[in-house]
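# Any chance you can model this:
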Amino acid sequence: MKRISYKTRGTCSTQIDIEVEGDIVKKVIFTGGCHGNTQGVAKLVEGMKVEDVIEKLEGINCRGRGTSCPDQLSKALKMFVSKS
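Alright, predicted model coming up:
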């Protein structure tokens with residue numbers, strides 16, 4: 001099991017902690033942000049393939065910021081894939 005700790009940029013959440021086993025997302029915890037939304041995103045992606053999560057969440061924009069908590073999750077996972 002690999003663990004990722006990612007400092008977010010441009011969002012209300014400040015960090016995302018992710019557990020990945022093989023190519024499957026096992027657990028996601030957002031620090032900060034809109035608790036209900038980040039909890040929902042975390043539960044929805046658990047059990048999904050890393051590449052599928054990236055494909056679905058990449059580019060989501062929150063309030064014109066050019067990024068969002070889901071987009072930051074995709075960035076964290078892209079960083080993980082590039083290092084694997």
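# Just give me the neighbour total for the closest residue to Glu21 other than its chain neighbours.
In this structure, Glu21 finds its nearest non-sequential neighbour in Met1, 4.9 Å apart by Cβ to Cβ, 6 or more residues apart in numbering. Where C-beta positions appear, they are placed from N, C-alpha and C, glycine not excepted. Look at Met1: counted by other Cβ atoms under 10 Å, it has 8 neighbours.
# Same check on Gly36?
8.
# before we move on, what about Ser5?
So Ser5, with other Cβ under 10 Å, has 11 neighbours.
# For it, grab phi and psi.
Note on Ser5: backbone dihedrals following degrees, to the nearest 10 are phi -120, psi 120.
# could you list every residue that touches it?
Gln15, Ile16, Asp17, Ile18 (Cβ atoms under 8 Å, 6 or more residues apart in numbering).
# Let's have those in JSON lines, adding distance to Met79, pLDDT and neighbour count.
Listed next are these as JSON lines, based on distance: Cβ to Cβ, whole Å; pLDDT from 0 to 100; neighbours: other Cβ atoms under 10 Å:
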{"residue": "Gln15", "distance to Met79": "14", "pLDDT": "98", "neighbour count": "15"}
{"residue": "Ile16", "distance to Met79": "11", "pLDDT": "98", "neighbour count": "26"}
{"residue": "Asp17", "distance to Met79": "14", "pLDDT": "98", "neighbour count": "15"}
{"residue": "Ile18", "distance to Met79": "10", "pLDDT": "98", "neighbour count": "23"}
